[in-house]
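quick one, fold the following:
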Amino acid sequence: MMLEPWIIFLADLVAIFSIYLIINLSLNLEFGFAGIPNFGKVLAVGAGAFVMGMLPIGLYGVMFGMTQHSIHDNLEMTQLINERLAVHPELGFLVFGITISVAMAVGMLLGLLSSYPAIRLRGDYLAIVLLAFGEMIRIVGINQEELVGGTLGVRVPDLLSFVPEEYRFLMFSVLLLGFAGMVYFAVSKFTGSPVGRLLRAMRDDETAVQALGRDTTKIKMKVLMVAGMIAALGGLLYASYVEGVVAFGYNRLNWTFLPFVMILVGGLANNKGVLVGTIIFVAIRKLVIYFNDGLDGLIPFDIIWLDYLLLGGIMLVVLMFRPKGLMPEKPNT
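The predicted structure follows:
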């Protein structure tokens, strides 16, 4: 039985919303709460996806006695793995858990790496350096074919191979929403604690925090490490959802600039605002794609630019009339 088109649309909307919410919460932790303009957000996101593109194939190869002689064997090997996972789903969840742990550890290490310029630089200089850091992951992925297939990419094993094909799409959306809910709960608890107030104080007046005996260098390092872990989880989940990794897809626009726009529109240092900004932007993009054929010919330009114009227009209106976002940061009590 095939699912109704509107169910597929909503399932895809929920999935993409969940992934972006996870990434946006990590960015809000860095920029909204701690004041660190991490324009290299794509670095941790791409790293999580790349771990998903590399590690499971190797682990399944050991479990099932398969050998991938080159990256070009990826498609055939993934098909064989999916057939095995349909019979042994517990192995899929085991490998998935291991991959998540490794990806988050890699994200944490990249956060630590990113913290070194954050310690020494401020403002525009820091943003430019972190932006350059973000470009590294895409360039390495494209040029090192043995990692994730270079320009062609690699396919990722299907975690839900045991689920009937017509329901797999829906089930994965539910799974992603569950991950997003857990991350939202954890980040809300974290930022609602005294640590969250400390981050706001550091963002507003770093010198005053240092005068009170707090080591702001260590605070920034820890924030970037935690945010890197969360962003890597988001990248891994996206790669799992689309069942593949192509290095070209991890660019500044989709995984750095759009998250910044979403949190600016929703409201910095407000997790509920991030949720609202994310759902607005993801829904607009999905609606434009869904009604693509119907809108073609009704507008005097290529339909591919419509969502960017709408999103940019909304951002300008919000910044003009509600510069602190739709749901501004609540004052400390």
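
give me the outermost residue of the protein relative to its centroid.
The centre of the chain is farthest from one residue, residue 211, which by Cα atoms, centre = their mean lies 35.5 Å away.

now do the strands in this protein.
154-155, 244-245 (DSSP state E).

so which of those is nearest residue 17?
strand 244-245 (20.2 Å; Cβ to Cβ). Glycine gets a C-beta too; all of them are placed from N, C-alpha and C.

going by contacts, tell me the helices and strands next to the helix or strand just after that closest one.
Once the chain leaves strand 244-245, the next helix or strand it forms, by DSSP states H and E, is helix 252. The elements that helix 252 packs onto, with contact taken as 3 or more Cβ pairs under 8 Å, 6 or more residues apart in numbering; DSSP states H and E, are helix 123-143.

any buried residues in the helix it packs on, and which?
Neighbour-count burial for helix 123-143 flags 126, 127, 129, 130, 131, 133, 134, 136, 137, 138, 141, 142 (criterion: 16 or more other Cβ atoms under 10 Å).

of the residues you listed, closest to residue 233?
Nearest to residue 233 among the buried residues of helix 123-143 is residue 137, at 15.5 Å by Cβ to Cβ.

the closest one is in contact with residue 51, isn't it?
No - at 11.3 Å, residue 137 and residue 51 do not qualify as touching, with contact defined as Cβ atoms under 8 Å.

returning to that earlier point: what's the most distant pair in the buried residues of helix 123-143?
Spanning the widest gap among the buried residues of helix 123-143 are 126 and 142, at 26.0 Å by Cβ to Cβ.

between the helix of greatest length in the chain and helix 123-143, how many degrees?
The helix that spans the most residues within the chain, counting by DSSP state H, is helix 89-120. An angle of 140 degrees separates the directions of helix 89-120 and helix 123-143 when computed by axes from the mean of the first three to the mean of the last three Cα atoms, to 10 degrees.

low pLDDT regions in the stretch 151-300 of the chain?
Applying pLDDT under 70 to the predicted model, the residue ranges of the stretch 151-300 of the chain that meet it are 293-297.

all helices of the stretch 151-300 of the chain, in order?
In the stretch 151-300 of the chain, helices defined by DSSP state H, counting those that start in this stretch lie at 165-191, 194-204, 206-211, 216-242, 252, 258-266, 271-290, 292-295, listed in chain order.

how about those helices in CSV, adding distance to residue 313?
Output for those, formatted as CSV (distance: least, Cβ to Cβ, whole Å):
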stretch, distance to residue 313
helix 165-191, 27
helix 194-204, 29
helix 206-211, 35
helix 216-242, 26
helix 252, 21
helix 258-266, 11
helix 271-290, 10
helix 292-295, 16
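
residue 154 is nearest to which of those helices?
Checking the helices of the stretch 151-300 of the chain against residue 154 by Cβ to Cβ gives helix 216-242 as the closest, at 9.4 Å.

elements contacting the closest one?
For helix 216-242, the packing partners by 3+ Cβ pairs under 8 Å, 6+ apart are helix 5-27, helix 41-64, helix 89-120, helix 165-191, helix 194-204, helix 206-211.

so it versus helix 123-143, what angle?
Orientation check (the same axes, to 10 degrees): helix 216-242 against helix 123-143 gives 40 degrees.

same question for helix 216-242: list its buried residues.
Burial within helix 216-242, assessed by neighbour count using 16+ other Cβ under 10 Å, is assigned to 216, 219-242.

low-confidence bits of the stretch 1-150 of the chain, can you list those?
Those would be 1-2, 68-72, if you go by pLDDT under 70 across the stretch 1-150 of the chain.

how about the strands of the chain in JSON lines, adding mean neighbour count and distance to residue 79?
Below are those laid out as JSON lines (neighbours: other Cβ atoms under 10 Å; distance: least, Cβ to Cβ, whole Å):
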{"stretch": "strand 154-155", "mean neighbour count": "22", "distance to residue 79": "8"}
{"stretch": "strand 244-245", "mean neighbour count": "24", "distance to residue 79": "13"}
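
make JSON lines from those and add distance to residue 39 to it.
Compiled in JSON lines, those are given as follows (distance: least, Cβ to Cβ, whole Å):
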{"stretch": "strand 154-155", "distance to residue 39": "27"}
{"stretch": "strand 244-245", "distance to residue 39": "22"}
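
among those strands, which is nearest residue 192?
Checking the strands of the chain against residue 192 by Cβ to Cβ gives strand 244-245 as the closest, at 34.8 Å.

isn't residue 325 up against residue 277?
Yes - shown here, residue 325 and residue 277 form a contact pair, counting by Cβ under 8 Å, at 7.0 Å.
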